[in-house]
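[1] Quick check, what structure comes out for this input:
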Amino acid sequence: MAQKFGNARWVKEGYFDNRTADVVVGQITFAALGKVDFCLSGVLHGEIAGQVIQFCNPKFLDDPYAGELLDDFAIPQIGKVSLLSFDPHPLLSPHPYFEWFSLDQQHYRIELEPNDAWLVMESEWESVAQESQRIRDALVVRLGPSTS
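    Below you'll find the model as predicted:
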């Protein structure tokens, strides 16, 4: 079963950067955990491919109980993209959907409301460039030889 982070209420904000082929880096701020770096391998398709996306959850709840349930959540998160999309399924209304598997095969997903995530304009990419590069430099090597 996938961990949905308290129906997304434990997810405050974050970003994913897919400007490097076959690699997605980013950060997410979680209740009880704070900022967590992400480095995921995988090819993105559709509207997110080669882009930077940001999100902010107005339903965020800084719940101390989150720490108990997320105590085995690996920090940083390193793994493989399953699906990152704004329109994940043809039978559902479009909405931000982020799903990945950690290196130890833990399955995670975050679903947000339609207006809670957006593509960052290219002219604003600089706002995450330095942090994305730091994460890439530190973590891509841990993905394995095919993505370094």
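[2] So, low pLDDT: which residues of this structure?
    1-4, 6, 146-148 (pLDDT under 70).
[3] In it, which residue sits furthest out from the middle?
    Leu91 (23.1 Å; CA atoms, centre = their mean).
[4] Assign it to helix, strand or coil.
    Classification of Leu91 by DSSP: H, G, I helix; E, B strand; the rest coil places it in coil.
[5] go on, Gln130?
    With three-state DSSP as the basis, Gln130 sits in helix.
[6] and it, how many neighbours does it have?
    Gln130: 9 surrounding residues under other CB atoms under 10 Å. (Glycine included, C-beta is placed from N, CA and C.)
[7] Could you report the separation of it from Val140?
    Noted for Gln130: a distance of 16 Å to Val140, by CB to CB, to the nearest Å.
[8] Could you double-check that Pro96 lies in contact with Asn115?
    No - applying CB atoms under 8 Å, one finds Pro96 not in contact with Asn115, separated by 9.1 Å.
[9] Could you find the closest non-adjacent residue to the residue nearest the centre of the chain?
    Centroid-nearest residue in the chain: Phe16, 5.5 Å away (criterion: CA atoms, centre = their mean). The shortest distance from Phe16 to any non-neighbouring residue, by CB to CB, 6 or more residues apart in numbering, is to Gly26 (4.0 Å).
[10] A strand includes the one you found, no?
    Yes - checked against three-state DSSP, Gly26 lies within a strand.
[11] Please name the residues that touch it.
    Gly14, Tyr15, Phe16, Asp17, Asp37, Phe38, Val128, Ser132, Ile135 (CB atoms under 8 Å, 6 or more residues apart in numbering).
[12] ok, those residues vs Phe60, which is closest?
    Comparing the contacts of Gly26 against Phe60 with CB to CB places Gly14 closest, at 11.0 Å.
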